[in-house]
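Chemist: Let's see this in three dimensions:
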Amino acid sequence: MNMKGTKVAVVGSGISGAVCASSLARNGISVTLFESARGPGGRMSQRRENVEDGKELLFDHGAPFFTANNTEVQNLVHDWESNGLAAIWKEKFGCFDCTSNKFVDLEQEGLISKRYVGIPGMNSVCKALCREPGVESKFGTSVNRLEWLEDQNMWSLIGLDGQNLGQFKGVVATDKNIVSPRFTSGTGRQPPLDLKLFPELAVKLNDIPVRPCFALMIAFAEPLTSIPFKGFSIKNSEVLSWAHCDSSKPGRSTSSERWVLHSTMEYAQRIIAETGLQKLSDATLTKVAEELFQELQSLGLIISQPFFKKAHRWGSAFPATTIAREEKCLWDGNKRLAICGDFCVSPDVEGAIVSGLAAASQLSELLCCL
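Modeler: Residues are numbered from 1 along each chain as shown. Next up, the predicted model:
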């Protein structure tokens, strides 16, 4: 079948949705990508902050890097490198143990694989994929309902204010909360997908456990010379789990030294238990920022005062389990629905890429036979 004119909707422009949309388009399928945020990236988003003197600060406040161990992913990443969209982050990485107050060099321990980053930001790869020929990206557009039209054998997508977003032969959804009660607790709306249509998928998707996290973005006028690594995990802390120097990545501005800290899951759970998943107040975010920075200072390193400090909550972005390790995505061939993301394969960027490729493969294979 000539698939030109065959329309598929992809909901979500994180790396899984962006890779899936690009792969579908390269197979001749017309893709419309819907994203509620202003731009693509999901956890690979780049945060843009302006300080008082008009200076602009950029932070990769979600995923700090990604790996490429899977052969398909390696091929993609090599293409991205060739096009100037990604590069290896060639810095030293370590681990700090709060019990012994010592760093361990992961390279010496043989625990390092290549770490890749987007150029000039982690969201650069998603941006490029969402602009490829055959992909029409609609940012700032939330999908309120995914409705299956039995008589027309097609999907209809409905926006927040009831507008018709179009009809499609197939749908790819990348949000693990698409049928979960967690969607309602975060947005106040019903989940977009009706559980009754997909009882088998619903069992797997219903309330996937997550690892909440707070990120702290900080900027210093001078380098933190007391820290021997540009990225390190943190053991035996109740508050911090990770820290990296964002400005040490290739293609970044070095006019200031910018770091991103990630909290432990337990710390984030405690804050969320007090505040819920609704939008946080400035006072709560300021309190979180102070507590995360104080924990960094308590490591015994010489840390100067930053000229910028701001916290961000990742409420349910990081999955704590995987639900389709073998299949790589959830799939209903009768209604041509694929659900993909890091929650399917492995809870990282590489897992999300593998899942997005699998969803595109399932849909392309089926649509070419219609």
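Chemist: Pull the contacting residues for residue 42.
Modeler: Shown in contact with residue 42 (C-beta atoms under 8 Å, 6 or more residues apart in numbering): 12, 13, 14, 15, 16, 17, 62, 126, 174, 317. C-beta here means a position set from N, CA and C on the backbone, and glycine is covered the same way.
Chemist: what's the closest of those residues to residue 143?
Modeler: residue 12 (9.1 Å; C-beta to C-beta).
Chemist: Distance of the closest one relative to residue 90?
Modeler: To residue 90, residue 12 is 31 Å away according to C-beta to C-beta, to the nearest Å.
Chemist: I'd like the next helix or strand past the helix or strand that contains residue 331.
Modeler: Assigned by DSSP states H and E, residue 331 belongs to strand 330-332. Note on strand 330-332: by DSSP H and E, the next helix or strand toward the C-terminus is strand 337-339.
Chemist: Tell me which other helices or strands that following strand touches.
Modeler: Contact here means 3 or more C-beta pairs under 8 Å, 6 or more residues apart in numbering; DSSP states H and E; on that basis strand 337-339 packs against strand 170-173, helix 199-205, strand 330-332, helix 349-367.
Chemist: Could you list the paired strands of the strand holding residue 331 along with their orientation?
Modeler: With DSSP bridges as the test, strand 330-332 is paired with strand 337-339 (antiparallel).
Chemist: List the contacts of the partner strand.
Modeler: Outside strand 337-339, the residues that touch it by C-beta under 8 Å, 6+ apart are 20, 155, 170-174, 176, 178, 198, 201, 205, 329-332, 359, 362-363.
Chemist: rewinding a little: can you give me how far the strand holding residue 331 is from the chain middle?
Modeler: Relative to its chain's centre, strand 330-332 lies at 21 Å (C-alpha atoms, centre = their mean, to the nearest Å).
Chemist: if you average pLDDT over it, what comes out?
Modeler: The average pLDDT within strand 330-332 is 94.
Chemist: what residue ranges in the stretch 101-250 of the chain are flagged as low confidence?
Modeler: Applying pLDDT under 70 to the stretch 101-250 of the chain flags residues 108-112, 179-182, 184-186.
Chemist: gap between the two ends of stretch 251-265?
Modeler: With C-alpha to C-alpha, to the nearest Å as the measure, stretch 251-265 spans 30 Å from end to end.
Chemist: List the buried residues in that stretch.
Modeler: Judged by neighbour count using 16 or more other C-beta atoms under 10 Å, the buried positions of stretch 251-265 are 252, 256, 257, 258, 259, 260, 261, 262, 263, 264.
Chemist: repeat for stretch 323-340
Modeler: Buried residues in stretch 323-340, counted by 16+ other C-beta under 10 Å: 323-324, 328-332, 335-340.
Chemist: how about the strands in the stretch 1-150 of the chain?
Modeler: All strands of the stretch 1-150 of the chain, identified by DSSP state E, counting those that start in this stretch, fall at 7-11, 30-35, 47-50, 56-59, 86-88, 93-97, 102-105, 116-118, 135-139, 143-149.
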